[in-house]
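**Student:** here is my input, please return the structure:
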Amino acid sequence: MSSIPIPARAESHPRLRALNVLRDLPQVADLIELCFHKSMDADGESYLREMRRAASEPSWFRSAESASSVPLNGFVWEENGKIVGNASLISYRHDRKRIHMLANIAVHPDFRRRGIARAVTERAMEQARQRGADELWLNVRDDNPDALDLYADLGFVERGRRVAWLSTEEPRPLPPSDGFAILPRRPDFWPRQRAWLARSYPDELAWYRAWDFKPLAPGLWNWLHLLFVDVNLRQWAATRNGSLEAVLAWISNGTRREPLWLALGADSAPEAATRLLIHARSELRGRRFVLEHPAGPADESIRAAGFIPQRTLVWMRAEGATK
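**Tutor:** Numbering: from 1, shown residues only. Modelled structure (predicted):
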């Protein structure tokens, strides 16, 4: 835990207490919805439904506790019997590490600028330390400067920015070729594709996203496995004057919004992403797609392919010496 900075202990306050998961989840869900409804996407709405279901069905805890990210620990701030502040603490295990994530940090609009967010966050950080966490993380939207300043002051350091993209109704036409060609992904492209995927979807965040790109690898056994489990997989490569620039993969998951996985090298031409995304959408008409990718040079190329950004999350990890 020496890598996690622990702020000086906040003074004990009678309004700050531990989350009572059986009693508090409905109020916490209401508070989160109030604070974030303008920016909440379908995943967020599903998360709130799961919280309310957990509160209304006690048997849920026995069947889903180990696999769910619904908060079972954290702290709330209460005023006259009403929860007006919250910080959840969610536990993960990855590569033998105990990783904790601060989530759902929210304060009722009528009670902001009173230090409540800092108080509940500091107490949750202290609990992570007491539980022996190896790492402590949080994420926050990039359009929330006050929260970014608070977390930086508490010792959190930005480790990456990731944009969630959603396809629009119709793909745009492909621009002139300019030396580009789109072809099926070849087996000899896999080493670079794998390295580029590791760059775009780093293991540092795999504890949360659980990215698994083994199905994308070439080989007879992989092909037979996908055939046996009836999974649709398509992969395309963009080359420019014969040189590989980018690779795009699609694995059908049967949902209304299916994921695409974009692999770009540090020196790849960003417009390769535009061509791959338009090509994939043309071949897979009638589907809506989601794409998560690091914020950066590819943003405009993804936008040019008819995708709109849903949110940009700043991922931050607590660093520094323990106080």
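**Student:** can we go C-alpha only for contacts and neighbour counts from here?
**Tutor:** Will do.
**Student:** quick one: end-to-end distance for stretch 277-292.
**Tutor:** Across stretch 277-292, the straight-line distance between its terminal residues is 13 Å, by CA to CA, to the nearest Å.
**Student:** would you mark the buried spots in it?
**Tutor:** Buried positions in stretch 277-292, judged by neighbour count with 16 or more other CA atoms under 10 Å: 277-282, 288-292.
**Student:** in helices only, show me the residues you listed.
**Tutor:** The helices, defined by DSSP state H, take in 277-282 from the buried residues of stretch 277-292.
**Student:** let me have those residues in CSV, adding distance to residue 75 and pLDDT as columns.
**Tutor:** Formatted as CSV, the entries for these read as follows, by distance: CA to CA, whole Å; pLDDT from 0 to 100:
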residue, distance to residue 75, pLDDT
277, 43, 95
278, 46, 94
279, 48, 94
280, 45, 94
281, 45, 92
282, 48, 90
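**Student:** closest to residue 183 out of the residues you listed?
**Tutor:** Distances from these to residue 183 were compared by CA to CA; the smallest belongs to residue 279, at 9.8 Å.
**Student:** report the contact partners of that closest one.
**Tutor:** For residue 279, the residues meeting the contact criterion (CA atoms under 8 Å, 6 or more residues apart in numbering) are 174, 182.
**Student:** over to residue 25?
**Tutor:** Neighbouring residues of residue 25 by CA under 8 Å, 6+ apart: 51-52, 54-55.
**Student:** could you do residue 271 as well?
**Tutor:** Contacts here follow CA under 8 Å, 6+ apart; on that basis residue 271 touches 298, 301.
**Student:** quick check on it: phi, psi?
**Tutor:** With angles defined as degrees, to the nearest 10, residue 271 shows backbone torsions of phi -70, psi -10.
**Student:** tell me where the stretch 51-200 of the chain has strands.
**Tutor:** Taking DSSP state E, counting those that start in this stretch, the strands of the stretch 51-200 of the chain run over residues 73-79, 82-94, 97-107, 135-141, 156-167, 180-184.
**Student:** need the ones you listed in TSV (columns: distance to residue 300).
**Tutor:** Shown next, in TSV, are the strands of the stretch 51-200 of the chain (distance: least, CA to CA, whole Å):
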stretch	distance to residue 300
strand 73-79	39
strand 82-94	34
strand 97-107	30
strand 135-141	19
strand 156-167	12
strand 180-184	18
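**Student:** who's in contact with the residue nearest to residue 39 when sequence neighbours are not counted?
**Tutor:** Spatial nearest neighbour of residue 39, excluding adjacent residues (CA to CA, 6 or more residues apart in numbering): residue 311 at 7.9 Å. Contact partners of residue 311, counting by CA under 8 Å, 6+ apart, are 39, 141, 163-165.
**Student:** what is the nearest of those to residue 157?
**Tutor:** Nearest to residue 157 among the contacts of residue 311 is residue 141, at 14.3 Å by CA to CA.
**Student:** which strand residues bridge the closest residue in space to residue 206 that isn't next to it in sequence?
**Tutor:** In this structure, residue 206 finds its nearest non-sequential neighbour in residue 94, 8.0 Å apart by CA to CA, 6+ apart. The bridge-partner assignment for residue 94, based on DSSP bridges, gives residue 97.
**Student:** what separation do you get for residue 94 and residue 135?
**Tutor:** When distance is defined by CA to CA, residue 94 is 11 Å away from residue 135.
**Student:** looking at these two, which one has more neighbours?
**Tutor:** For residue 94 versus residue 135, the count of surrounding residues by other CA atoms under 10 Å is larger for residue 135: 20 against 14.
**Student:** quick one: that one from residue 129, how far?
**Tutor:** Between residue 135 and residue 129 the computed distance is 9 Å (CA to CA).
**Student:** same check on residue 146?
**Tutor:** As defined by CA to CA, residue 146 lies at a distance of 25 Å from residue 129.
**Student:** quick one, which of those two is more surrounded?
**Tutor:** In this view residue 146 and residue 129 are compared by other CA under 10 Å, and residue 129 has more residues nearby, 20 against 8.
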